[in-house]
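Trainee: Structural data only, the sequence is not supplied:
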């Protein structure tokens, strides 16, 4: 962009320097449906849900837990925390760990593991390809999955999407320069990826060109994992809301750099999976509290949001846990047995809603 | 001069006729107004109501007939004569001088040799307070909203100690509270034996406030009777010969199909303009009618005018408008029109058309500013063909395309404004009060056009202060309050109470 134009836009707060966020209306009209969903399992930081031959399974720290069993019967556990999980067509699971390892549980390849690729150390999502391969989203080239907040505040766009052949263990890079790819799904010969820091869902066409085109842009929150239901509709989890304050901080480079240097990440002016837990955190959810009750429309740093998209990736409806809700930080969701299962990582709960 | 008996009607009009170029606007109308009565005149668009009262106010001379005041024949040769006879008119579109202050307008034409401005302001302040009108007498009229301008207009008529006050659509722009004040004022005037002629398309108001009602149809007198003898249904039957209530204002939720949203066409994000629009955000989708309801002053019109490039948002951090995902900022309406964003104004007389130009020329003006236009080079054949096709499509009732717009009734004028917008090939069309000052027959036709545009896949926005209109037309309802959109309702959820609650609280 023309530097003069950029300077003018910065001064007037317009163009790329507009501090605006899209409204939550239309299909994103707020409701309390996530809070009304039936709780299935309480677990520390449940992250990724997958449909397997053993029912719906959720990753929680180092363990895989069954959602349909009281107390969450453990399916498997690992030495390193799990960063991504997906169900495979044979009923098994592919599991990615925070150290970049990928292993298989159940199914044909149960117990197998793939050799690590040093360029793929921040696996945020996995998805099976129709030819038996595995698509892998690598969120960042510099930060691990637990440091997603730092990656946003550093305004990185170093993520990539890979195709892995489980038979040979070969990694093929499909696209790079992505702003934290956090969800994947195969769709009509292409890979659809949620790009968190650009608040968008894009379509990547595998091949030499690595062509990308937008599927859904200008989302009101940061998107994470994608899943497809039997009726071909797509479900998208959005793990934290955008706000004008955050957009402002993201524009103020010196402020941000100093904040990163000097302040505890939990107290950054940044989105989070659950806010309001400590009096030290900034903004105090907008301070919109009356008689001790937080107003649902408060501009909070955390939120619960799941969106249903049609086959053309247009939002149809959404489920919310608003500022005062208790199902924040939804990082994953899927439809199984006619119910929508979702993992609210911020509040440590897996719940399901009838559809 | 003979003294009139108390039983003599204050005002009588006998066999009043008016023809425009051989077309009869009024056909031998008889009308009488008693002392201290509120007399409503109702009728479809083009029924002759405005012509009748224009004759009384001296704006138009009758072709034939006689007018008597207190039993004495009078000639009303102009507005000054009407004022002298104690006949004052409160116009639907106000006749104030926008560059003068409220007080100056109140005393316009009644100035003394030496005017002390401070004294005028104090007097005007006391007078406005006595009427319970919250208007600052020192404010220039241009800075006032339509509702407040109307208040000034009413105050001016009251100040002139008029014996007859004619209200032409006085409530179209008023909030419920302001309406309440107006009706209280009319009641007070009635007790003071001032006679009032009340023209309104809101039939409930005519039924509520008037003592007698006269119905006109196609320039002819149909009936005059006590208001109590009418119901809304019978009134409409007299006006149009058919029942339109359900057709007009059935709720959208009761329709067989509420249109689903298509692509998000317009995303308004954190838009701000002074105190009128405050950090408002909303989206507009293709293929459906989005109704925007709000009280007067809630920032609806200003928001629409920013989107359409008529006015500018705040220079610093004024927010963003995204059209099909692309950030846009229009400095003039032409840019918006080029991108397919068209605004149909609420004030058709000031902003909608050139009243002395013909229907065809006005419609062609829309074409000139549309994308791919050849500018001011007008092809007569093309102009006529365009006018004929749009007259047919919108059923604009005029003898030919060469008729001046000023000669048309309010509804047909509105259809010309809509025609002008349609030739601009819009993708997003914003109707601001599309049926204000329009009769029930034309309302149904305009509603049909609006629905058809949404069915064609256009993103249609309808801004209205009339709740039944919003409820019946909209596939999605947004409520505006104090400069921002505060609520979104689906047709199933939208009851009058829910929408009004959101608009007020």
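Mentor: Yep, it's here. The structure presented is a predicted model; accordingly, all values stated were derived computationally and were not measured.

Trainee: Helices of the stretch 51-200 of chain B, start to end?
Mentor: Using DSSP state H, counting those that start in this stretch, the helices of the stretch 51-200 of chain B run over B:79-84, B:102-106, B:117-130, B:146-159, B:176-191.

Trainee: List the contacts of the second one.
Mentor: With contact meaning C-beta atoms under 8 Å, 6 or more residues apart in numbering or on different chains, helix B:102-106 is reached by B:96-97, B:117, B:120-121, B:123-125, B:127-128, B:135-141, B:144, B:152, B:155-156, B:159. Backbone N, C-alpha and C define where each C-beta goes, glycine included.

Trainee: same thing but at 7 Å, please
Mentor: The contact list for helix B:102-106 (C-beta atoms under 7 Å, 6 or more residues apart in numbering or on different chains) reads B:96-97, B:120-121, B:124, B:135-139, B:141, B:152, B:155-156, B:159.

Trainee: which of the residues you listed lies closest to chain A?
Mentor: Distance to chain A, by C-beta to the nearest C-beta, is smallest for residue B:139 among these, at 30.1 Å.

Trainee: neighbours of the residue lying closest to the closest one once chain neighbours are set aside, just the number please.
Mentor: For residue B:139, ignoring the flanking residues on the chain, the nearest one in space by C-beta to C-beta, 6 or more residues apart in numbering or on different chains is residue B:102 at 5.6 Å. By other C-beta atoms under 10 Å in any protein chain shown, 27 other residues sit near residue B:102.

Trainee: if I look at residue B:95, how far off is chain A?
Mentor: According to C-beta to the nearest C-beta, to the nearest Å, residue B:95 and chain A sit 40 Å apart.

Trainee: Mark which of the contacts of helix B:102-106 are buried, thanks.
Mentor: The neighbour count (16 or more other C-beta atoms under 10 Å in any protein chain shown) marks B:96, B:120, B:121, B:124, B:135, B:136, B:137, B:141, B:152, B:155, B:156, B:159 as buried among the contacts of helix B:102-106.

Trainee: residues touching the fourth one, list them.
Mentor: With C-beta under 7 Å, 6+ apart as the criterion, the residues that contact residue B:124 are B:102, B:103, B:106, B:137.

Trainee: With distance to residue B:36 and pLDDT added, can I get the residues you listed in TSV?
Mentor: Formatted as TSV, the contacts of residue B:124 follow (distance: C-beta to C-beta, whole Å; pLDDT from 0 to 100):
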residue	distance to residue B:36	pLDDT
B:102	29	91
B:103	29	91
B:106	24	88
B:137	29	91
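
Trainee: quick one: which of those is nearest residue B:148?
Mentor: Lowest distance from residue B:148 to the contacts of residue B:124 (C-beta to C-beta) belongs to residue B:102, with 8.3 Å.

Trainee: still on that earlier bit, save the helices of the stretch 51-200 of chain B as a markdown table, and put in distance to residue A:222 too.
Mentor: Output for the helices of the stretch 51-200 of chain B, formatted as a markdown table (distance: least, C-beta to C-beta, whole Å):
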| stretch | distance to residue A:222 |
| --- | --- |
| helix B:79-84 | 65 |
| helix B:102-106 | 52 |
| helix B:117-130 | 54 |
| helix B:146-159 | 44 |
| helix B:176-191 | 43 |
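
Trainee: and of those helices, who's closest to residue A:49?
Mentor: Nearest to residue A:49, of all the helices of the stretch 51-200 of chain B, is helix B:176-191, at 50.9 Å by C-beta to C-beta.

Trainee: which strands and helices sit next to the closest one?
Mentor: Using 3 or more C-beta pairs under 7 Å, 6 or more residues apart in numbering or on different chains; DSSP states H and E as the contact test, the elements touching helix B:176-191 are strand B:195-199.
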